[in-house]
Every structure is written in structure tokens, then in C-alpha cells.
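*Asks:* Okay, structure incoming, though there's no sequence with it:
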């Protein structure tokens, strides 16, 4: 669970207060003061990672998300005068169960994270072997442990980069010391990260799956599950029925909850279901769905990897339908 890095926030950084953001000279010396020789570097849309050749040759135990401070020293000096978000992130997921003030006292594997504006990130002179990778592309280059960390990292950094002022009084937000939040001293109120609940469903009938392709998936040639945001006043179950009907025109007989997963584009919590077809012909929703079809479980189109909840739901549905076919 992330904890703000007070070592990297000099007093007076923001109008005389130790705020989360500031125009700071982020250099190798500042990172060294925190006692770390590695860090992460991210913006709203990109993250710095080793290129594929470097990633494939990384020694065991290292993470593609970790960048060496020494190699980036020159680039980091270019951040002088740049507005930067900064915090520590715990690499041990077990610490997420601990309150922040308890986790802070635990000997743990933690890394500083620098979150900067995309224009600022593009201006950095990255050392050889490293590149700016779009966040969606990076998601599919990481292993499962890095994927979980990436989800937390992207959602948190995206939120703090876009949440700089109190929506009630316009005052600058500061660190909340013992919880995952920012704080408005004028209003005396915490401001918490947004999490948007969404449903995602693999729709099935005997021997077949209903898979859809939206605009984003078309460019990658993939088909996936139907997904959508929960509307105010809806239960998630209501959303499953509504979204499947709106996006594909079919009605469902029953639904079954399977699992959930954070999705960091920008701050969704995906609630995954298997949904049994009842009736109706496929009518793709204009402007939303490029194509939707019934596919035989033995002849599926390209689908997302099992790293994603959509990929796992599809494969679970296939396994269950095959088992039903053997009975």
C-alpha cells in the first residue's frame, strides 16, 4: 500500500506547507537521501520501462518497473523546476492489509515513485535501453506480480496528478498522513481516490460464447467480454443485464459472480460474471461495439491473455462448457 515519501518533500515545498506536489529539483541526490538506488517513473499515459531486449535479459528477482537511479541521474536533473508527485509504494502485496502507520514501521521492499506530467516525461533524455511505453502496452509486458503492482501504481499516480485542488474551496491539497487520501486543511476534510465499479461478463450458450469487439479492441484484433459501468441506483446484477442488452441486444437467463480485478484505465474495479443466454438476436450497439458474434468454443478468435479478468472469464467459460459437453 503506498505511503507518501516525506523524505522527498522538503518543508516549504508548497506555499510554506509540506504538500504532495511542488516545484522540486528532483536529482540523484534527493533520491539518494531516501536511501534507495532504484525508483519508478510514470505519467498519466506512459511509464518508463526497459525495452524488450533488456526485459528479456533481466536477472531473476528484478522487476521491469524498477529503474536504476545511477543510470537516470542526468535525466533526473532535467526535472529541476518541474512539478512532480512522489510517494513510496510497497512491493509486498501482503502489506496492503496493514494500516499505513503500521506498514510504515515494517521492514519492507519499497520504492520511490515519481509521477510527472506527460509533456515533462517526454522531455527527459532517457538512458540507452529504456523507453516510454504506453500504459496499456506496458500492462501486457509485465508478469502477474508486476501486474498487481502496476494496477495500484497507475491508479494512484493518475489520481494524484489530476487531483491537486480541493473541489469545495479551491485550496491546495496536502498529504493525509495515515490513510490513502489527500487532505484539505481549509475545509478540514480528506479527499479519497475514486474507484468506479464496472461489470464484465462472458455470455454463453451450449458450445458457444458471445464475444464482442469495441473500437479499442479492433485496433488490436481482439474479441472480449461485454463490459460497462454501474449507473447510479443500480446493483451490479442489474448492470450486467442492462449492458449486455444494450451492447448486443440479447437477454440473459441467469448470471454468476466469479471474481474481481482492478483495471487502471483510469480507476475501475471490474466485477466478473458468467452469464447464461436466454433469448434475442445479436444487434451490436452503434458507436460502442464494432462487431459481436457467437463463437464456437473450439474456434475462438484472438482473445485477451489470462493476465486480464476478461481472458480468465473466457477460459473458465470454455472449460465449463466442455465439461458440460462430456456429460
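*Replies:* Thanks, I have the structure now. What you are looking at is a predicted structure, and each value in this text was computed from that prediction instead of being measured. Numbering: from 1, shown residues only.
*Asks:* Any idea which residue is closest to the centre of this structure?
*Replies:* Centroid-nearest residue in the chain, with Cα atoms, centre = their mean: residue 264, separated by 2.3 Å.
*Asks:* Give me the distance between it and residue 223.
*Replies:* Distance, residue 264 to residue 223, using Cβ to Cβ, to the nearest Å: 22 Å. Heads up, the C-betas are built off the backbone N, CA and C, glycines and all.
*Asks:* now residue 71
*Replies:* The value you get for residue 71 to residue 223, if Cβ to Cβ is used, is 41 Å.
*Asks:* what do you get for residue 248?
*Replies:* For residue 248, the distance to residue 223 - Cβ to Cβ - is 12 Å.
*Asks:* shared neighbours, those two?
*Replies:* Counting by Cβ atoms under 8 Å, 6 or more residues apart in numbering, the residues touching both residue 248 and residue 223 are residue 212.
*Asks:* Show the end-to-end separation of stretch 189-197, please.
*Replies:* End-to-end span of stretch 189-197 (Cα to Cα, to the nearest Å): 24 Å.
*Asks:* Could you give me the buried positions within it?
*Replies:* Residues residue 191 are the ones in stretch 189-197 that count as buried (16 or more other Cβ atoms under 10 Å).
*Asks:* Could I get the average pLDDT for it?
*Replies:* Taken as a whole, stretch 189-197 carries a mean pLDDT of 89.
*Asks:* ok, residues contacting it?
*Replies:* Stretch 189-197 is contacted by residues 155-156, 159, 163, 166-168, 173, 176, 179-184, 229-230, 236, 267-269, 271 when judged by Cβ under 8 Å, 6+ apart.
*Asks:* Buried ones only from those residues, please, as a PyMOL command.
*Replies:* Here is the PyMOL selection string for the buried members of these, based on 16+ other Cβ under 10 Å:
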select buried, resi 155+156+159+163+166+173+176+180+181+182+183+184+230+267+268+271
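*Asks:* Narrow the contacts of stretch 189-197 to those in helices?
*Replies:* Residues of the contacts of stretch 189-197 located in helices (DSSP state H): 155-156, 159, 236.
*Asks:* Please parse the protein into its domains.
*Replies:* Per automatic domain parsing, the structural domains of the chain span 6-164, 196-326.
*Asks:* my read is residue 241 is in a strand, agree?
*Replies:* No - counting by DSSP: H, G, I helix; E, B strand; the rest coil, residue 241 is not found in a strand; it is helix.
*Asks:* where's the spatially closest residue to it that is not a sequence neighbour, which helix or strand?
*Replies:* Using Cβ to Cβ, 6 or more residues apart in numbering and skipping residues adjacent in sequence, the residue nearest residue 241 is residue 252, 5.6 Å away. Secondary structure from DSSP states H and E places residue 252 in strand 251-263.
*Asks:* mind listing what that strand pairs with, with the direction of each?
*Replies:* The pairing partners recorded for strand 251-263 under DSSP bridges are strand 268-279 (antiparallel).
*Asks:* Could you tell me how far the strand it pairs with lies from the centre of the chain?
*Replies:* 21 Å (Cα atoms, centre = their mean, to the nearest Å).
*Asks:* Ok, stretch 211-226 next?
*Replies:* Relative to its chain's centre, stretch 211-226 lies at 19 Å (Cα atoms, centre = their mean).
*Asks:* The residue nearest to residue 241 and residue 294, how far apart?
*Replies:* Using Cβ to Cβ, residue 252 is found at 14 Å from residue 294.
*Asks:* quick one, which of those two is more surrounded?
*Replies:* Neighbour comparison, residue 252 and residue 294: the larger count goes to residue 252, with 19 against 15 (by other Cβ atoms under 10 Å).
*Asks:* Now do the same contact list for the spatially closest residue to residue 214 that is not a sequence neighbour.
*Replies:* Once flanking residues are discounted, residue 214 sits nearest to residue 289: 5.8 Å by Cβ to Cβ, 6+ apart. Residues near residue 289 by Cβ under 8 Å, 6+ apart: 212-214, 247-248.
*Asks:* taking the residues you listed one by one, which sit in strands?
*Replies:* Residues of the contacts of residue 289 located in strands (DSSP state E): 212-214.
*Asks:* Out of the residues you listed, the closest to residue 121 would be?
*Replies:* Nearest to residue 121, judged by Cβ to Cβ, of the ones in strands among the contacts of residue 289 is residue 214 at 27.9 Å.
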